[in-house]
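Undergrad: Sharing a model prediction with you, sequence too.
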Amino acid sequence: MSELNGTWILESKENFEEFLKALGVGLVLRKIAKKITPTLIINGEANKWSVKMRSTFKNLEYNFNLGEEFDDETIDGRKVKCLFKLEGNKLITEQRDFKTKEIIATVEKFVDANDHMIEHLYAKNVVAKRIFKRVN
């Protein structure tokens, strides 16, 4: 069982709007994303995982097998290929352009020594960070 398992609520974020801008997310959705405080519910065992995001704006749910790419649609309607993999203690998500297969975003999640989940988000030359606290 992974130390990422549990329920997490967003505590802080750095450079998140710039990350969304690098992805091409429009102004209205960036402003909404800036104001919401999502809760993530992560459950992973062996290769079978689920990640749920709950917020006042929209809920998302991913059920996946590590290492198996699948078709996905982002909150702003872009079609992407998505792949989750585990590297050491990090859950890594790669989003690829549906047509070109180029990586457009990478997200790394891990639990630090203070039992906070750290999320590093990469798009183009932009790096953002979000910190979540465990709620259970």
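TA: Received, thanks. Being a predicted model, the structure only gives us computed values, none of them experimental. Numbering: from 1, shown residues only.
Undergrad: In contact with the most centrally placed residue in the chain: list those residues for me.
TA: Nearest to the geometric centre of the chain sits V107, at 5.6 Å (C-alpha atoms, centre = their mean). Residues in contact with V107 (C-beta atoms under 8 Å, 6 or more residues apart in numbering) are I92, T93, E119, H120, L121, Y122. Quick note: C-beta positions are derived from backbone N, CA and C, even for glycine.
Undergrad: Can you give me the buried ones in the strand or helix carrying it?
TA: V107 is part of strand 103-111 when elements are defined by DSSP states H and E. Within strand 103-111, the residues that qualify as buried are I104, A105, T106, V107, K109, F110, V111, counting by 16 or more other C-beta atoms under 10 Å.
Undergrad: now stretch 87-106
TA: L91, I92, T93, E94, Q95, R96, I104, A105, T106.
Undergrad: how far out from the middle of the chain is that stretch?
TA: 10 Å (C-alpha atoms, centre = their mean, to the nearest Å).
Undergrad: what is the rounded mean pLDDT of it?
TA: Over the span of stretch 87-106, the pLDDT mean works out to 93.
Undergrad: what's next to that stretch, contact-wise?
TA: Under C-beta under 8 Å, 6+ apart, the answer for stretch 87-106 is 2-4, 19, 23, 42, 44, 49, 51, 69, 71-72, 74, 78-86, 107-111, 121-123.
Undergrad: Pull the number of nearby residues for T37.
TA: Neighbourhood size, T37 [other C-beta atoms under 10 Å]: 11.
Undergrad: Just list the residues touching it, thanks.
TA: So T37 contacts I9, L10, S55 (C-beta under 8 Å, 6+ apart).
Undergrad: could you flag which of the contacts of stretch 87-106 are buried?
TA: By 16+ other C-beta under 10 Å, these give 2, 4, 19, 23, 42, 44, 49, 51, 72, 74, 80-84, 107, 109-111, 121-123 as buried.
Undergrad: Inside helices: which ones of those?
TA: F19, L23 (DSSP state H).
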